Structure formats: C-alpha cells, structure tokens
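Participant: fold the following and give me the result.
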Amino acid sequence: MPNKVTVAQSAKTMYSWNKDLLWIVKKLKQGDDVPKYSLQDGILYYQTAEDEAPRLYIPDDEDLKNRVICENHDAVVAGHPGFYKTYLAVRERYYWPKTMKYIQRYVNTCEMCQRNKARQTKPPGLLQPLDVPKGRWTDVSMDFVVSLPVSANDNNAIMVIVDRLTKRAKFIATKTTDNTTEIANVFMKSYVKDHGVPKTIVSDRDTKFTSKLWQSIVSTLGTKHNLSSAFRPQTDGQTERTNRFIGDYLRGVVNPAQNDWDEYLHLAEIAYNRRVHSTIGMSPFEADLGYVPYMPDDVASDPEFTKLEKAAQEFLLRQETLLKVAQDCMNEAQERMKYYYD
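Facilitator: Numbering: from 1, shown residues only. Below you'll find the model as predicted:
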C-alpha cells in the first residue's frame, strides 16, 4: 500500500496553479530574497517574525485547507476543540490568508460539535481561586467521571488527575466498585511513580476521598488534601472543565454500544494535553515538557525536525522560562476570572 501523501507534499504540487506562489518559488530558487518567505526542499514556508518558526504555506485549495483543519479538529488526537483552540493548533504550523475566518466557518458547521458539546453555565456564588502552585506536579486536582457505560474491560468510571500549574492531565479507567485501597493503589501507580508525592490534592466530596483510610494515606504521604465545597462554586473548577472535555471527546468516537470508551482514553488524554490552555497561554504538554510531542503529520511538515536538538542548557532555560510564564498567566487569569465572575 503506498504511503499517504503528506500535507507538505500536496502543497508542493499546487504551486504551479497559482501565479503569485509560482513567482515567489521561482525567485527563491534563483537565490533572491522574498520577505517572510523561504524555501526548504522545494516546499514554501511563511514566517511573520524572526522569533517565530516558519509555517508551511497552504495554497488556495479548499480540500487541502479542510484536511489541515480536520487533522487539528476532527482527528482522534485532536478531539473536536472549539474554534479558537483549533485556530491556535493550525496557526502553529500552517499559514494561508484569512486563516481565522476559514477555521471559524469550518468549526461552526461541524455536525459532531453541534451535537455533542454540552452547554456551559456558570454556577451561582463567588469564585474562590486557589493559590498558584510553585512548581510542576506539586499541586493536583482529582475527580471521578462516573455513570459511564460498562466497557468490555468492566470499567465504568474515570479517575482524572490534573496538575494545577501546567494543566497536564491523566485519565485512568477505573470502576465505581473500587474501594479506597484500590483507588490509592491506582493513584500510586499512575501518579506517584512518575511525579512523586504532591504537596496538595484538591478533590470533590466523593466518599472515596473522605474516608478515614484515604485521609490516613494522604497523611502518611505528607500531602494536604483540600475538599472542594459542596455548597459553593468549587475551588477546583479545573477538573469540572476537564470532565466536560472527556465527555465531549468520548461521545464523538465510541461505538454505538458505547462499551469501548476506555480504548480511546489515552487518545483523549493526548488531545487534551496538546491543546493550548487559555489560563496559561500554552498547551499542557509544552508547559510540562517544554515541547509538544510530534504526531505523524507534524514530522513531515516541520523543516526543523531533522536538525539536532538544542543544547541541554538551552532546554533547561526554556523549562524555567515556561514555568514562570505559566505562573504569571495563571495569576492574571485568576484575577480576570474573579473580576468577571463576582
């Protein structure tokens, strides 16, 4: 079976159809300078600023534009994000004139989005934001998505763990019949083995979290456990938003019997962590790792992919900078949310 033609390869074949692009490509091949444009391996890239990575220029072809948007909106690792997050995902790697307007029309007419998205309403009361965490994975939110169809693997719930600073999430399939000891074991295997013991855990008033055994485990680990109020807007609005995302995502991919949802949970996690989060101004992957992991089509469209990685010192400096940016953005976002909420 022949390999799928990449977006970059498809774009390359279309330059001859557009006299303006053909002229730009011809000038660049001659060694002439064309502001904002560059040619790499015969493929045209567009760069609006020196500190911005070159973006693949998409010719004026509706099918190719729709393919680009589809890969960043409809694909299982995208998960049907809203208009603006789709735009940010596309803009990171691709360019064509009036991109935003085109993407908005695409998303507004997406049948699955119109059918599956839950309406978001603001609960009554005053917002009570939590303190901004000092580091990655030191302060987390925990919650359960329950009342799910029983899967072929006998799962009917999802444990959701979110790092409150980077917003990176972990989705773990569980059972509502799991007792506190079993839940604690899942937490140890899914979280502690990768990130150590968190300083604080914010969770709802699920009996699994309020039981004496769980409180004993938390105390033994030296972790502070904050219970969100059942009578006021939750101090942990993060997990509520994440839970909505999971529901929207799974509704779009499960089979008619809805008993295979846990087979897509890892893809939902990837889709969530690749999206730009409005609170921190970057994706959870970037805030946590310093980069967004590549998906198959990224490799072919990124001219920098084959180059050597940056030096370790530069990587560590970037990590430190991202941490500070995430904290600053969270402070600003919390002030803004509290102003409009209250």
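
Participant: for the residue nearest to His195 when sequence neighbours are not counted, what is the enclosing helix or strand?
Facilitator: In this structure, His195 finds its nearest non-sequential neighbour in Trp137, 3.9 Å apart by C-beta to C-beta, 6 or more residues apart in numbering. In this view, the C-beta of every residue, glycine as well, is placed from N, C-alpha and C. Counting by DSSP states H and E, no helix or strand carries Trp137.

Participant: give the contact list for the residue lying closest to Arg164 once chain neighbours are set aside.
Facilitator: Leaving aside its chain neighbours, Arg164 sits nearest to Asp139 (4.6 Å; criterion: C-beta to C-beta, 6+ apart). Counting by C-beta atoms under 8 Å, 6 or more residues apart in numbering, Asp139 touches 130, 133, 163-165, 198-202.

Participant: what of Gly42?
Facilitator: By C-beta under 8 Å, 6+ apart, the neighbours of Gly42 are 12, 25.

Participant: Asp262 now?
Facilitator: Per C-beta under 8 Å, 6+ apart, neighbours of Asp262: 151, 153, 155, 173.

Participant: in strands only, show me these.
Facilitator: Ala173 (DSSP state E).

Participant: can you flag the buried ones in the contacts of Asp262?
Facilitator: Buried members of the contacts of Asp262, scored by 16 or more other C-beta atoms under 10 Å, are 151, 155, 173.

Participant: export the residues you listed as CSV, with columns for distance to Val218 and pLDDT.
Facilitator: Converted to CSV, the buried ones among the contacts of Asp262 look like this (distance: C-beta to C-beta, whole Å; pLDDT from 0 to 100):
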residue, distance to Val218, pLDDT
Ser151, 29, 94
Asn155, 24, 95
Ala173, 23, 96
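
Participant: with distance to Asn108 added, can I get those residues in CSV?
Facilitator: Output for these, formatted as CSV (distance: C-beta to C-beta, whole Å):
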residue, distance to Asn108
Ser151, 33
Asn155, 34
Ala173, 33
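
Participant: out of the residues you listed, who's nearest Thr48?
Facilitator: Relative to Thr48, the closest of those is Ala173; by C-beta to C-beta it sits at 42.7 Å.

Participant: from Asp41, how far off is that closest one?
Facilitator: Counting by C-beta to C-beta, to the nearest Å, the separation of Ala173 from Asp41 is 43 Å.

Participant: can you map out the strands along the stretch 201-342 of the chain?
Facilitator: For the stretch 201-342 of the chain, applying DSSP state E, counting those that start in this stretch gives strands covering 224-227.

Participant: ok, so of the contacts of Asp262, who is nearest Ala78?
Facilitator: Closest approach to Ala78 among the contacts of Asp262 (C-beta to C-beta): Ala173, at 21.1 Å.

Participant: quick check: beta-bridge partners of that closest one?
Facilitator: Ile158 (DSSP bridges).

Participant: can you pull the contacts of it?
Facilitator: Applying C-beta under 8 Å, 6+ apart to Ala173 gives the contacts 151, 153, 155, 157-158, 262, 265.
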